[in-house]
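Peer 1: the amino acid sequence is not available; the structure is as follows:
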């Protein structure tokens, strides 16, 4: 069973996948005001990585950073099957208060996409956990790669981060890169009956730092 991404990112892969700033605008939100910046290979890319840069962020100090993988069901529809939407809102509150950057990565379902994610949910409703459901579909448990995200941090002039995550693999992704993780900052959301099994699986089988 493979529940991990690679510990380090391949620099040559980062060069091949190089993306650049394509456009930006200021957006006020209930959590605070952010500059929303789109990063992609071309200006016509329909799925850019979005950087949310909190107003007043001090880039001369280690920056609070969140790598948030897209979760349509949680982020947009406020599904209670996971903690993703609540994590995004809490990350927005914290970065707005302290200064920081959220990178919204187009990695739905830990990389399997929304359609396969819905199929996995059906299997979970029959008793499989989030890992077993992916495996039953013949899909990787977690195929995410963070080389592009780290390259975006470098473009923003960030070389030291306080990483807002419960996932130690995200910390390991910075090894042998030009960006240093000074601190891992927990982002734990209170469990609900609807997501308790999911969060316990992330803790017990995937190594997430959760109570």
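Peer 2: Received it, and whenever you're ready, just let me know what you need. These numbers were taken from a predicted model, which means no experiment stands behind them. Residues are numbered from 1 along each chain as shown.

Peer 1: residues in contact with the longest helix belonging to the chain?
Peer 2: Criterion DSSP state H: the longest helix present in the chain is helix 84-98. Helix 84-98 has contacts (CB atoms under 8 Å, 6 or more residues apart in numbering) with 29, 31-34, 52, 54-55, 57, 64, 66, 68-69, 71, 73-76, 78-79, 100-102, 164, 187, 189. Any C-beta I mention is one placed from the backbone N, CA and C, and that applies to glycine too.

Peer 1: show me these that map onto strands.
Peer 2: By the criterion of DSSP state E, membership of those in strands covers 29, 32-34, 52, 54, 64, 66, 68-69, 100-102, 164.

Peer 1: any idea which helix or strand of the protein has the worst average confidence?
Peer 2: Least confident helix or strand, the chain: helix 11-16 with a mean of 45, by mean pLDDT, DSSP states H and E.

Peer 1: do you know how far residue 64 is from residue 134?
Peer 2: According to CB to CB, to the nearest Å, residue 64 and residue 134 sit 31 Å apart.

Peer 1: err, residue 168, not the other one
Peer 2: 20 Å.

Peer 1: same question for stretch 43-62: list its buried residues.
Peer 2: For stretch 43-62, burial by neighbour count (16 or more other CB atoms under 10 Å) applies to 48-54, 57, 62.

Peer 1: all helices for the chain, in order.
Peer 2: Taking DSSP H, the helices of the chain run over residues 11-16, 84-98, 114-125, 130-136, 147-155, 168-172, 196-206.

Peer 1: one step back: what subset of the contacts of helix 84-98 is buried?
Peer 2: By neighbour count, with 16+ other CB under 10 Å, the contacts of helix 84-98 hold 31-32, 34, 52, 54, 57, 64, 66, 68-69, 71, 73-75, 79, 100-102, 164, 187, 189 as buried.

Peer 1: this completes my enquiry, with thanks.
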